[in-house]
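Asker: sharing a model that was predicted from the sequence below.
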Amino acid sequence: MPNGNIVVTEERGTRVITLRRPSKKNAITQDMYREMSHAIDTAQNNSDIRCMIITGGSGVFTAGDDIEDFLKADASQPEMLSNGAKFLYSLALNAKPIIAAVDGASIGMGTVMLFHCDYVLASNAATFSAPYIHLGLVPVGAASLLMPNTMGYQRAFAMLVMGRTFSAAEAHAAGFVNTVVSPGHTEVEARKVAREICRLPAEAVATSRRLLRAPPEELTRRIDQEGHLFGERLKSEEAVAAFNAFANRKKR
């Protein structure tokens, strides 16, 4: 059942998926992954839904995975069965345009999911990072495929291997942000883009989009490969030390 941290609404042919957990900077729990996945999956065969918007509201997009919730998850559960992995599959297999409205910090999965989106708006206060390296981990969500394809190897290396944070201007220059707007205006502008898309011929949009994107099976294959390596890295000395350090900080 919905827990209130994901709000799904529909207007004018657009499904809006809002992360609403401001007290935790929209950190994503396993339940939230499940709800977002369901919202995407159920849009696929609904002809009334022409596109989707993912937003975190004003001030923050998402702090990425809720580490405490992540650590509580059953460590013996295969990566492919986790709600996070199911969400990634939903993005990879999705056939409808997704617009992202990013105002504030976008960390980890928050940045990874943008590379599955079709149009990204960001406020000039937005920042982007995927610092899995600082936890001794590897990229997820086909980021190791999509990021270098979108912004080149060197920028992808800086983000994924060095753990660097990109500003909105840098993200725009790198090619994964379409438009930069003032803080507080990303959702309004995203709705304008959605209305523009909804006015276009739906079948032509779907076919053109399919031609532009990597085949879904290529994405899911990389998601599986990364997931396997991610699972191995979770057991590594580097990752264990990083998570222990996180736990110790929380106790203080």
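Answerer: Perfect, I can see it now.
Asker: report how many residues lie close to H134.
Answerer: 11 (other Cβ atoms under 10 Å). The C-beta positions use only the backbone N, C-alpha and C, and glycine is treated the same way.
Asker: next, the contact list for it, please.
Answerer: Under the criterion of Cβ atoms under 8 Å, 6 or more residues apart in numbering, the neighbours of H134 are G163, A242.
Asker: assumed it was part of a helix.
Answerer: Yes. Looking at H134 with DSSP: H, G, I helix; E, B strand; the rest coil, it is inside a helix.
Asker: how near is it to T165?
Answerer: Distance, H134 to T165, by Cβ to Cβ, to the nearest Å: 11 Å.
Asker: which non-adjacent residue is nearest the most centrally placed residue in the chain?
Answerer: Among the residues of the chain, the smallest C-alpha distance to the mean C-alpha position (Cα atoms, centre = their mean) belongs to M113, namely 2.2 Å. Ranked by Cβ to Cβ, 6 or more residues apart in numbering and with sequence neighbours excluded, the top spatial neighbour of M113 is L91, at 6.2 Å.
Asker: please apply the same query to E187.
Answerer: Ranked by Cβ to Cβ, 6+ apart and with sequence neighbours excluded, the top spatial neighbour of E187 is A101, at 5.0 Å.
Asker: with T179 instead?
Answerer: Of all residues apart from its sequence neighbours, L121 sits closest to T179 (Cβ to Cβ, 6+ apart), at 5.0 Å.
Asker: mind checking how far the one you found is from I99?
Answerer: With distances defined as Cβ to Cβ, the gap from L121 to I99 amounts to 7 Å.
Asker: need the residues touching each of those two.
Answerer: For the pair L121 and I99, residues contacting each of them under the criterion Cβ under 8 Å, 6+ apart are A190, V193.
Asker: my guess is A101 contacts I54, does it?
Answerer: Yes. The criterion here is Cβ atoms under 8 Å, and A101 meets it with I54 at 7.3 Å.
Asker: the two: who's more crowded?
Answerer: When A101 and I54 are compared on other Cβ under 10 Å, the one with more neighbours turns out to be A101, at 30 against 27.
Asker: and that one, what element?
Answerer: strand 98-102 (DSSP states H and E).
Asker: who does S106 bridge with?
Answerer: For S106, the residues forming beta bridges with it (DSSP bridges) are T62, F128.
Asker: which residues does it contact?
Answerer: Taking Cβ under 8 Å, 6+ apart, we find S106 in contact with G56, F61, T62, L114, A122, A126, T127, F128, S129.
Asker: the first one against I17, yeah?
Answerer: If I follow you right, that is G56. No. The criterion here is Cβ under 8 Å, and G56 misses it with I17 at 9.9 Å.
Asker: before we move on, the earlier item: what two of the contacts of S106 have the greatest distance between them?
Answerer: Across the contacts of S106, the longest distance by Cβ to Cβ is 14.8 Å; it joins G56 and S129.
Asker: the more surrounded of these two?
Answerer: Neighbour count, other Cβ under 10 Å: between G56 and S129, G56 has more, with 27 against 19.
Asker: contacting residues for the more buried one?
Answerer: Under the criterion of Cβ under 8 Å, 6+ apart, the neighbours of G56 are T18, L19, N26, T62, A101, V102, D103, G104, S106, G110.
Asker: doesn't the third one belong to a strand?
Answerer: Same thing as N26. No. Under three-state DSSP, N26 sits outside any strand and is assigned coil.
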